[in-house]
Structure formats: structure tokens, C-alpha cells
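>>> Return a 3D structure for these sequence lines:
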Amino acid sequence: ITPEQALFDEPIDISISNLPANEQINLEVSCKNQDGNFWKSSAIFQTNDKGVVYVAKQAPISGSYKGIDSMGLFWSMTPTDKDSSKNTFLSQITLHLHEVSLSVFLGNKLRIQKTIRRLFVPPDVEKKDIHEQGIVGTLFYPKNTKKSFGIIIIPGSGGKVPDVVSQLIASHGYTVLALTYFKADGLPEKLSLIPLEYFQQAMRWLKKQPQVDGNKIALMGHSRGAELALLLAATFPREMNAVIAYSASNLVYSDFLLEQKSAWTYNNTPVPFMLYPNDEEIFEAAKKGHITLHKGTIEDPFQDTKIFLYAMQMKKFKQRVKEAIIPVENIRCPILILSGNDDKMWPSSHSGNSIIERLDLNGSTIKKKHINYSNAGHNLFMPPYFPSIDLPVHIGSGWSLFGGTPEGNAHARKESWQEVLNFLKKTLQ
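Here you go, the predicted structure:
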């Protein structure tokens with residue numbers, strides 16, 4: 001196994017030797033989640049004339065993934081429990097992926113078993129909880145770097161940035177502020193009527209930190225956080241030097257609460273926003289065959305993208321759509337937009353295309369790129385090689401799907417991670 005200890009975003013080469021020549025062997029990778037439930041993947045390989053299997057150079061004969069892929073056994077892990085109530089996104093994000101077991105079977109006999117350790121927390125990254133000058137979040141920075149460029153990561157409606165993402169990005173030489181903006185002491189309880197000035201203050205705070213080269217910072221957001229990152233770049237164009245938007249919207253949306261207020265304010269005034277259709281309008285649209293209804297259960301999760309698209313075509317929302325469009329033509333820095341064409345949460349592919357079109361129509365000369373990944377869903381903002389099966393996630397009043405196939409999600413996460421690192425290097429360094 002090379003390297004023996006790898007960072008979570010590094011690929012691992014696995015080779016098995018001293019096996020019978022030209023025989024079929026079964027490789028299994030497994031680990032547990034916080035509840036002790038097992039996840040597993042497996043693949044059958046043929047040994048060569050010397051009794052060796054090179055996972056990074058061979059396609060399996062059969063198994064949980066296809067084709068040559070050194071990390072296929074990692075991203076293709078699925079839950080072994082048949083109880084659907086236990087197979088949710090929560091069970092996925094609580095997997096103990098820092099320690100997985102590799103088993104080699106010849107026939108039904110276990111020949112070798114080895115533990116593979118992967119580092120979530122890079123040894124050279126410091127972590128510091130922040131609760132000062134009204135700013136709440138967590139700061140991650142390389143220990144041995146005097147000055148690095150800053151990145152603010154803005155989460156979506158879940159309200160928290162996964163530590164593993166922030167730590168891994170920091171390990172590439174950046175100071176990362178994982179920013180909290182609701183559901184914390186001194187902050188709003190819900191994602192509703194949140195002042196844009198809070199984020200401007202956070203950007204200015206980060207620039208003043210001793211670890212940060214104050215000349216250059218980037219914003220990185222996912223879902224509602226991506227909507228916000230684009231809105232901030234359009235509102236405060238001189239405050240940042242790059243924007244990365246994962247699964248973004250080109251419209252400002254409501255807080256999705258019962259009364260549907262704006263999610264954001266500026267100068268104490270709600271930012272114009274798009275509404276989500278009410279139940280009666282959704283039932284009517286389903287009756288006419290425009291959308292398919294889902295129950296929002298684990299067995300039949302919501303898939304809301306078509307509802308969002310339908311709402312954009314409704315006559316009653318025509319003016320709202322115009323007013324809610326983010327004025328991306330005001331952005332003055334390079335932007336990278338990442339989406340999946342099977343996003344089942346909201347139409348991020350459509351939004352990404354609309355953002356590029358609006359920039360072109362307005363003669364924008366900024367560097368801009370939209371990558372729309374085939375068979376990928378909403379949840380691209382994950383490290384590469386993370387198990388990529390789409391499982392229901394509980395949001396609001398029910399269960400929803402992110403979308404994407406395991407293969408599509410795995411490919412998108414791997415490729416987009418590298419795209420992001422390359423983009424940051426080009427625009428900040």
C-alpha cells in the first residue's frame with residue numbers, strides 16, 4: 001500500500017503479491033460508521049503470471065465498480081444493513097474512513113487482511129475556534145507558513161462546513177475560515193434575514209489575521225452558500241479575488257420557512273427574492289403532469305429540481321424572477337462554477353449556464369468557467385474518494401435526495417477537487 005499514510009484527498013496504490021498465478025481473488029474494503037454499522041465494497045481481480053494484482057493498473061472482472069480506478073474500492077462502498085432507516089446521509093458522513101480494512105480472499109479463504117489508515121487531519125494544520133468581533137467560525141492554517149492566502153468557506157442550509165474539507169484545503173497552503181452565520185451564539189437562529197454586512201466584516205477580519213496575506217482572499221460556497229458567495233461578489237466586488245460556487249443558484253431565494261421572507265438583508269432591507277410554490281400550486285402542477293410528486297419519506301424522498309424550474313415559468317412569479325436574479329455582471333474577480341446535471345435539490349446546472357450567459361450578455365471580461373458534470377448530483381462539495389452513493393438526507397419537513405450515480409458523483413468530486421486547487425493556485429498565487 002503506497003503511501004502507507006495518505007491524506008484523505010490523496011490516491012492510494014494497492015498491490016497484492018505472493019498469490020497463485022492466473023487465479024481470481026476477491027478484494028473487500030470495509031469500515032464502520034458511528035453506530036457500528038458496516039459499509040463494504042468488493043471486486044474480483046485476476047492475478048498475473050507472477051501471482052500479482054495491481055489495483056491501480058487493472059480493471060476488476062466484476063464488483064462494486066468498473067474500469068481501472070485505484071480508488072474504486074473506496075468510493076464504491078455501500079451500507080450492508082438492509083434496514084433503509086439506517087441507510088441515510090447521516091450514516092454516510094459518520095463513517096470512520098480514517099481506518100478501513102482491506103481483505104484478500106482466495107476462494108472462500110481469507111489470505112490477507114490489512115488496515116489502511118488515511119489522514120483527515122494533516123499534521124501541519126492548526127485549528128482555532130473563532131468568536132470575536134461578531135465573527136463565528138473555525139480557522140485552519142498551515143503551522144509553518146508565515147503568510148498564506150485566505151479562503152472563506154460558506155456552508156449551505158446545513159449551517160456547518162465539514163472540518164475535513166477545511167483541513168484538507170488548508171493543507172494545500174491556505175488559511176481557511178469555515179464561517180458560521182446562523183445557529184450559533186450571537187447569530188440568527190435560522191437562515192433568514194441575515195445581513196450581508198456580516199460577511200463583509202468576516203472578509204475584512206480575515207485579511208487582518210497574521211497568517212493571511214491580506215491582498216488576496218477567495219470565497220467558496222456550496223448550495224445556499226454558493227448563492228450567497230455570488231451575491232457577496234456582486235455586492236462587494238472589491239473585497240475578494242476569486243469565487244468558487246458549488247451547486248449554486250443564479251437567483252436569490254427565500255428562507256424556505258412558512259412565511260417565506262428573504263434569506264438575506266443589505267442596509268437593513270431584505271434582498272429581493274424568489275418564492276417557492278405553495279402546496280396547492282405544487283399539487284396543481286403535478287395534476288397537469290408538469291412535475292412528479294414525492295412523499296418526502298426515506299422510501300420516496302423529495303426531488304425538488306423540477307419544482308424550482310416550474311416555478312420560474314409561472315406567470316405570478318415572472319416579476320419576482322427578474323428582481324431575484326443575482327447581478328453577476330458586477331463581479332470583478334474570476335469565478336468557478338461547479339454543478340451536476342442530475343442535481344435533485346435545485347437546478348444548479350441551469351443556474352450555472354444562466355450565470356455564464358448573463359456575464360456574456362453584459363460584456364463581462366472576468367475569467368469565468370462553469371463545469372457541469374454528467375450523472376452527478378447536488379453534493380459535490382466533498383473530498384474525492386468519499387463513498388458516493390446517493391442516500392436520503394433530512395431537510396426541513398422531510399427526506400430529500402442529492403442526486404447522481406455513484407460513478408458520476410465519484411468522478412465529479414475527484415475532478416472538481418483538482419479544478420478547485422488549480423483555480424486557487426492560478427487566481428491567488
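
>>> looking at the chain, which helix or strand does the model trust least?
strand 5-7 (a mean of 88; mean pLDDT, DSSP states H and E).

>>> for that one, the distance to its chain's centre please.
From the chain centre to the centre of strand 5-7 is a distance of 21 Å (Cα atoms, centre = their mean, to the nearest Å).

>>> now whichever helix or strand comes after it: how far from the chain's centre is it?
Per DSSP states H and E, strand 5-7 leads on to strand 15-16 as the next helix or strand towards the C-terminus. On the basis of Cα atoms, centre = their mean, strand 15-16 sits 32 Å off its chain's mean C-alpha point.

>>> What are the contacting residues of strand 15-16?
Residues outside strand 15-16 that contact it (Cβ atoms under 8 Å, 6 or more residues apart in numbering) are Ile25, Leu27, Val52, Val53, Tyr54, Val55, Ala56, Val104, Ile112. Using the backbone N, CA and C atoms, a C-beta is placed for each residue, glycine as well.

>>> Nearest residue to the fifth one in space, ignoring adjacent ones along the chain?
Leaving out its chain neighbours, the residue that sits closest to Tyr54 by Cβ to Cβ, 6 or more residues apart in numbering is Ser15, at 4.9 Å.

>>> for the third one, same thing?
Nearest residue to Val52, sequence neighbours excluded (Cβ to Cβ, 6+ apart): Ser17, at 4.7 Å.

>>> Please give the number of neighbouring residues around the residue nearest to Tyr54.
13 (other Cβ atoms under 10 Å).

>>> now swap in Gly134 and tell me
12.

>>> just for this structure, where's the confidence low?
Scanning the chain for pLDDT under 70 picks out nothing.

>>> biggest helix in it by residues?
If you go by DSSP state H, the chain has its longest helix at helix 406-428.

>>> List the buried residues for it?
For helix 406-428, burial by neighbour count (16 or more other Cβ atoms under 10 Å) applies to 406-417, 419-421, 423-424, 427-428.

>>> got the residue ranges for the helices in the protein?
Under DSSP H, the chain gives helices at 72-75, 89-93, 163-170, 196-207, 224-235, 279-287, 305-313, 318-324, 348-361, 406-428.

>>> could the ones you listed go into CSV alongside distance to Met382?
Below are the helices of the chain laid out as CSV (distance: least, Cβ to Cβ, whole Å):
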stretch, distance to Met382
helix 72-75, 10
helix 89-93, 9
helix 163-170, 7
helix 196-207, 23
helix 224-235, 14
helix 279-287, 30
helix 305-313, 19
helix 318-324, 28
helix 348-361, 15
helix 406-428, 5
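
>>> And the ones you listed: which comes nearest Phe149?
Phe149 lies closest, by Cβ to Cβ, to one member of the helices of the chain: helix 406-428, at 4.2 Å.

>>> the inter-axis angle of the closest one versus helix 163-170?
Helix 406-428 runs at 40 degrees relative to helix 163-170, counting by axes from the mean of the first three to the mean of the last three Cα atoms, to 10 degrees.

>>> residues contacting the residue nearest to Phe423 when sequence neighbours are not counted?
Closest residue to Phe423 apart from its sequence neighbours, by Cβ to Cβ, 6+ apart: Leu336 at 4.7 Å. Residues in contact with Leu336, defined by Cβ under 8 Å, 6+ apart, are Ala242, Val243, Ile244, Ala245, Lys369, Ile371, Glu419, Val420, Phe423.

>>> okay, among the contacts of strand 15-16, which ones form the most distant pair?
Maximum distance among those (Cβ to Cβ): 17.5 Å, for Ala56 and Ile112.
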